[in-house]
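1. got a predicted structure plus its sequence, pasted below:
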Amino acid sequence: MTEIFIICILGGYLLGSVPFGLVVTRLAGLGDIRKIGSGNIGATNVLRTGRKDLALLTVLLDVFKAGFAAWLALHLVPAKEMFFAGIYTQTNLIAALYAGTAAVIGHNFPVWLKFKGGKGVASTFGFILVLSPNIALMALATWLLFAFIFKYSSLAALAAAALTPLYAYFYAGETETIFYTAIALLVIVRHHANIRRLIKGEESRISFRKKTAETPAGENAKATKEKAPAKKSGKAPAKPAAKTEPKTKGKRPATSGTKKTATRTAGTAKTKKTSARGKTKEK
């Protein structure tokens, strides 16, 4: 059985070494995910590209690869009785535990990326989900609870990893508890940088609020122009132009004084004409 266990370990490690976060971002034309954010190949760093769909796909693929490695070993290796560390168990279960653990190690230390990989949270969940669904769901509930209360993804992962051995002690077998404890310790160690940032208060938070819909660029610029107050300048505001009266051809419009003079002139001419008529009659 030793040869079969070695094959399970190697197969699990190679499957877990596939850097799906890097693969999906490159296929999407986003370049090398290791050059942005934390430089990690996990889903959290993929999310920093702004592509939630790619981050979700990365989570699912990371969960799948470790779970699939454990599932294959569990169903392909013949089930025979054996003792492991003095504990009575089955060969196919041990093979699955070896394969799943190796897949998580492969994710954290992939041979294709010079052993610089992720932190193994999603892969650990997938591995445990296949063999102990109740333990995996309790760990997931722990993550969600801590993430909702404290708004720190790393703290939620640390809490879930720390409590997983306790859950396994009460709800799983002794053999599973040994492997789950070892892999949980690996997850905690891989979060050493996050632990330092949490202590210093420098760790970034997560938000559960939905972002408001973005306004199109053209409409946004138009609204900004309409709402923006007029800028103050050194020059006084221009006065409105005075209304000009239409000019008459040849003559200027008569003023009130001119009108009075014309009336007096007309009256004098009329008086002279009347007196001239009277003199004519007397003759």
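-> Looks like it came in fine. Note that this is a predicted model, so its numbers are computed, not measured. Numbers count the residues shown, from 1 in each chain.

2. please name the nearest non-neighbouring residue to Leu72.
-> Once flanking residues are discounted, Leu72 sits nearest to Ala99: 6.9 Å by C-beta to C-beta, 6 or more residues apart in numbering. The C-beta positions use only the backbone N, C-alpha and C, and glycine is treated the same way.

3. and the one you found, how far from Leu30?
-> Going from Ala99 to Leu30 by C-beta to C-beta, to the nearest Å gives 31 Å.

4. show me which of the two is the more surrounded one.
-> Legend: neighbour count by other C-beta atoms under 10 Å for Ala99 and Leu30, higher for Ala99 (31 against 15).

5. which ones are touching that one?
-> Cys8, Ile9, Gly11, Gly12, Ala69, Ala70, Leu72, Ala73 (C-beta atoms under 8 Å, 6 or more residues apart in numbering).

6. do the same with Pro19
-> Ile41, Pro110, Trp112, Leu113, Gly117.

7. again, only this time at 6 Å
-> With contact taken as C-beta atoms under 6 Å, 6 or more residues apart in numbering, Pro19 is in contact with Ile41, Pro110, Leu113.

8. and the nearest residue to the second one once chain neighbours are set aside, how far from Ile178?
-> Among residues not flanking Pro110 along the chain, Ser17 sits closest, at 3.8 Å (C-beta to C-beta, 6+ apart). Per C-beta to C-beta, Ser17 is found 24 Å from Ile178.

9. got it, and Tyr13?
-> 19 Å.

10. which stretches in the stretch 1-150 of the chain count as helices?
-> 2-16, 20-27, 43-47, 52-76, 91-108, 121-131, 133-150 (DSSP state H, counting those that start in this stretch).

11. nearest to Asn194, of these?
-> Among the helices of the stretch 1-150 of the chain, helix 43-47 comes nearest to Asn194, with 10.1 Å by C-beta to C-beta.

12. what's the average pLDDT for that closest one?
-> Helix 43-47 shows an average pLDDT of 86 in the prediction.

13. now for this structure, the helix or strand with the poorest mean pLDDT.
-> Ranked by mean pLDDT, DSSP states H and E, the weakest helix or strand in the chain is helix 217-227, scoring a mean of 43.

14. can you check the pLDDT for the nearest residue to Asn45 once chain neighbours are set aside?
-> Leaving aside its sequence neighbours, Asn45 sits nearest to Gly37 (C-beta to C-beta, 6+ apart; 4.6 Å). pLDDT for Gly37: 77.

15. again, but for Gly278
-> 45.

16. would you mark the buried spots in stretch 27-40?
-> Ile33, Arg34, Asn40 (16 or more other C-beta atoms under 10 Å).

17. with stretch 48-57 instead?
-> So stretch 48-57, judged by 16+ other C-beta under 10 Å, has buried residues Thr49, Arg51, Leu54, Ala55, Leu57.

18. likewise stretch 10-20?
-> Gly11, Gly12, Tyr13, Leu14, Leu15, Gly16, Ser17, Val18, Pro19, Phe20.

19. you'd agree the last one is up against Val63?
-> Which is Phe20. No: if you go by C-beta atoms under 6 Å, Phe20 and Val63 don't touch, sitting 10.1 Å apart.

20. which one of the buried residues of stretch 27-40 is nearest Ile195?
-> Asn40 (15.2 Å).

21. residues contacting Glu176?
-> So Glu176 contacts Ser132, Ala168 (C-beta under 6 Å, 6+ apart).

22. now do the helix or strand containing it, average pLDDT.
-> Element membership of Glu176, judged by DSSP states H and E, is helix 174-190. For helix 174-190, mean pLDDT is 97.

23. kindly report the same for stretch 112-120.
-> 93.

24. now that stretch, how far from the centre of its chain.
-> 23 Å (C-alpha atoms, centre = their mean, to the nearest Å).
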